[in-house]
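In: Sequence plus the predicted model coming up.
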Number of protein chains: 2
Amino acid sequence: MTDHKLGHVAVTIKEVARVAGVSTATVTRALSNPEVVRPTTRERVREVAASLGYHPNRAARGLITGRTGNLGLLVPDLANPFFPSIVKGVQGRAHEADHAVFLADTDEDPAAEAGLVRKLAKQVDGIVLCSPRMAEPELRTLAAEVPTVLVYRRIAGVPSVTAEFLDGMRQAISHLVALGHQRIAYVAGPRRSWANRERVRSLRAVARKSGVELCEMGNVAPQFHGGVSIADRVLATEVTAVIAYNDLVALGLLHRFAARGVAVPDDLSVLGFDDIPLAEMVHPALTTVALPKEEAGQAGVDLLLRLLDSHQEVRRELPTHLMVRGSTGPAR
Amino acid sequence: MTDHKLGHVAVTIKEVARVAGVSTATVTRALSNPEVVRPTTRERVREVAASLGYHPNRAARGLITGRTGNLGLLVPDLANPFFPSIVKGVQGRAHEADHAVFLADTDEDPAAEAGLVRKLAKQVDGIVLCSPRMAEPELRTLAAEVPTVLVYRRIAGVPSVTAEFLDGMRQAISHLVALGHQRIAYVAGPRRSWANRERVRSLRAVARKSGVELCEMGNVAPQFHGGVSIADRVLATEVTAVIAYNDLVALGLLHRFAARGVAVPDDLSVLGFDDIPLAEMVHPALTTVALPKEEAGQAGVDLLLRLLDSHQEVRRELPTHLMVRGSTGPAR
DNA sequence: ATGATCACTGTAAACCTTTTCATCGAGCGA
DNA sequence: TCGCTCGATGAAAAGGTTTACAGTGATCAT
């Protein structure tokens, strides 16, 4: 931007215009609206610009276009290993589209989210929002103020990226049924979480169809300690398999089961959701329903850019895949 | 920024000036240079600004001041659980200072880093750089072009935040020696990594002093699979304890040891570095040297802001702590 | 030959803020 | 009372880009 230590100043459009022997208007056109300028002129300008190392000043451009070239990305908790992959996806696609990404982390505090979004809003063209918990009306208000794409949340009238939970659940249950499991526990995540509601809904539907007996267990924090805290209650039931709200919870279960001397999968099968990197690092490795993460981030950016320049409101639903690993086995 | 769906336009400084009955110059002064305007005027202006919901347009401000109010943050791999905490620290402190954070992830590709930094540089006032691998001269060049603070890397003449590796290593070795270990393996990380070189250096110094026999083992990728891949070679040596380059590598070791039926810590003690969240999620939980992460991020921002407005080049070295968990025990 | 159309390019205004410089009146010492 | 200084404020320029509008010369149909 400014000269830091050396005395070299940024080259402006005027300089390019002077060297190329044209007006600044032609320079800007040659660079961002190439088809309206004569090929020979266009090339000359572009060469001069390149040789001088010219890059338009984003502040000046933003001042007049009203666009910043920046996107916002809000995630509830970067420490939750589910999110870094989403961030990477957003990053990558945004850079391809020559946009930079502002990242904000709400520390799992839905109350802080709206404020943060509004703060971010002033500096970005649009926002990719991962907000499993924020109340629906508030979300809707927000989406009306700032161009927004939801990731892993669906609301009527707001573009969104989600995954095929129902199909994922179907794969999970089929897998367990094939292994002979008939009584299955589900450890629920946060009550207000959209993802949890979705999972419960698909789980019930699938369970009913396949005739397995479902044992739903109280809501826990979507984290490792959530799983740890409910593990003993799971053991007190008569199930042969347990599906956790997500992988972190599943890992918490695994941890506590190991401490209690319960063999997985011999005594009990454990199945997670998300497929975070840790899932295959533990022993036994965790069988889990993989949700697209990087792809979801990319899709979020795609949808946002589309929303920005053609006001299209689209939704996308990405496929899920069951990853069979060591934590599930034949029913006892 | 612009009106999204409703037709409300952003309120400008002119509007505030008109309503408050002063010139725009006075408005800007009242808000960002309060001591030069008469108290009564100042308050009137501030009230009007607040009631109108005025916020200075950052692009316009940036155009004239040359500052963007943004910071850049570059990390090698967000999927490595060491970094999200750093990001959180940077985030938090930056927001307190009313700066937004551009995040970029280099996907562990040191070659891409310089380019990314330069790209980022145009949109930020300064950069917090986590670059364990980039060559020193290149890093120095970069730091001369853009105000930069290094995190977990130290180079003469560039502000940096690091941790007391030597002391951490001392704690680790004392712990192992107290448990009766005399032959200890070290699984090295990437050869070009500054952190690895630092660890080797301190390890050798401490080992010599305490008379333990050191068995250094080849360089592995600083990831889970790195640990997995070298585990068998560790078993082939006659050590009773192994220190891994970082927690991920340690977890890889643990994983493979479990598969081979080697009991940890009974047959072999394992010690990591970093203290990532996973360290206490596995069974047995990992004993590790905890490095400050969130604090490092905060310190990085502090140093950067100081560098920006008073050209002070400072370095800071944060304390480390040994976290004793289940993976270390008495020597066999 | 004339007017219309077209492709291309230039001029100047506009975006919003900060900052320099000038102005004005009040207070003060002489 | 005069001349100065000082505090408070306003007018206007500056920052770099984009874009609406105007202008140019060439081509084409009449």
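Out: Nice, thanks for sending it over. Not measured: the values here are computed from a predicted model.
In: Can you give me the buried ones in stretch A:278-298?
Out: For stretch A:278-298, a neighbour-count test (16 or more other C-beta atoms under 10 Å in any protein chain shown) marks A:278-298 as buried. Every C-beta, even on glycine, is put in place using the N, C-alpha and C of the backbone.
In: Show me which residues of chain A sit near DNA strand C.
Out: Proximity of chain A to DNA strand C (C-beta under 7 Å from any atom of the strand) is limited to residues A:21-26, A:29, A:36-39, A:41-42, A:60, A:63-64.
In: Quick check: residues of the stretch 51-200 of chain A near chain B?
Out: Neighbours of chain B within the stretch 51-200 of chain A, by C-beta under 8 Å from any C-beta of the partner chain: A:55, A:57-60, A:62-63, A:66-68, A:70, A:78-79, A:81, A:84-85, A:87-88, A:91, A:95, A:100-105, A:107, A:120-125, A:144-147.
In: Apply the buried test to those and list what passes.
Out: With burial judged by 16+ other C-beta under 10 Å, the buried subset of these is A:57-59, A:62-63, A:67-68, A:70, A:78-79, A:81, A:84-85, A:87-88, A:91, A:95, A:100-105, A:120-125, A:145-147.
In: and DNA strand D, which of the residues of the stretch 51-200 of chain A next to chain B contact it?
Out: Okay, of these touching DNA strand D (C-beta under 7 Å from any atom of the strand), that's A:His55, A:Asn57, A:Ala60, A:Leu63.
In: So which of the buried residues of stretch A:278-298 are in helices?
Out: A:Glu294, A:Glu295, A:Ala296, A:Gly297, A:Gln298 (DSSP state H).
In: now, among those residues, which is nearest to B:Lys14?
Out: Nearest to B:Lys14 among these: A:Gly297, at 39.8 Å, using C-beta to C-beta.
In: So the closest one sits against A:Pro84, correct?
Out: No - assessed by C-beta atoms under 8 Å, A:Gly297 is found out of contact with A:Pro84, at 9.9 Å.
In: re the thing from before, out of the residues of chain A next to DNA strand C, which one sits closest to A:Gln223?
Out: Ranked by distance to A:Gln223 (C-beta to C-beta), these are led by A:Leu63 at 43.9 Å.
In: pLDDT at the closest one, what is it?
Out: Per-residue confidence (pLDDT) for A:Leu63: 92.
In: sorry, back to before: sort out for me which of the ones next to DNA strand D among the residues of the stretch 51-200 of chain A next to chain B are in helices.
Out: A:Ala60, A:Leu63.
In: Now distance to A:Ser269 too, for the ones next to DNA strand D among the residues of the stretch 51-200 of chain A next to chain B, in a markdown table please.
Out: Converted to a markdown table, these look like this (distance: C-beta to C-beta, whole Å):
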| residue | distance to A:Ser269 |
| --- | --- |
| A:His55 | 56 |
| A:Asn57 | 59 |
| A:Ala60 | 61 |
| A:Leu63 | 60 |
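In: of the ones next to DNA strand D among the residues of the stretch 51-200 of chain A next to chain B, closest to B:Leu268?
Out: Nearest to B:Leu268 among these, with distances taken as C-beta to C-beta, is A:His55, at 55.2 Å.
In: ok, for that closest one, nearest residue in space, not its chain neighbours?
Out: Nearest non-adjacent residue to A:His55, counting by C-beta to C-beta, 6 or more residues apart in numbering or on different chains: B:Lys122, 6.2 Å away.
In: Against A:Thr24, how distant is the one you found?
Out: Remark: distance between B:Lys122 and A:Thr24 (C-beta to C-beta, to the nearest Å) = 19 Å.
In: What of A:Ser210?
Out: Plainly put, A:Ser210 is 68 Å away from A:Thr24 if you go by C-beta to C-beta.
In: how about the strands in the stretch 1-150 of chain A?
Out: Remark: strands assigned in the stretch 1-150 of chain A by DSSP state E, counting those that start in this stretch are A:70-75, A:100-105, A:126-129, A:148-151.
In: What residues sit buried inside stretch A:198-208?
Out: A:Glu198, A:Arg199, A:Val200, A:Ser202, A:Leu203, A:Val206, A:Ala207.
In: Save the ones in helices among the buried residues of stretch A:278-298 as a markdown table, and put in pLDDT too.
Out: Listed next are those as a markdown table, based on pLDDT from 0 to 100:
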| residue | pLDDT |
| --- | --- |
| A:Glu294 | 96 |
| A:Glu295 | 97 |
| A:Ala296 | 97 |
| A:Gly297 | 97 |
| A:Gln298 | 97 |
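In: Show me the shaky parts of chain A.
Out: Low-confidence segments of chain A, defined by pLDDT under 70: A:1-9.
In: Mark out where each domain of it begins and ends.
Out: A:13-65, A:70-163+A:293-318, A:165-292 (automatic domain parsing).
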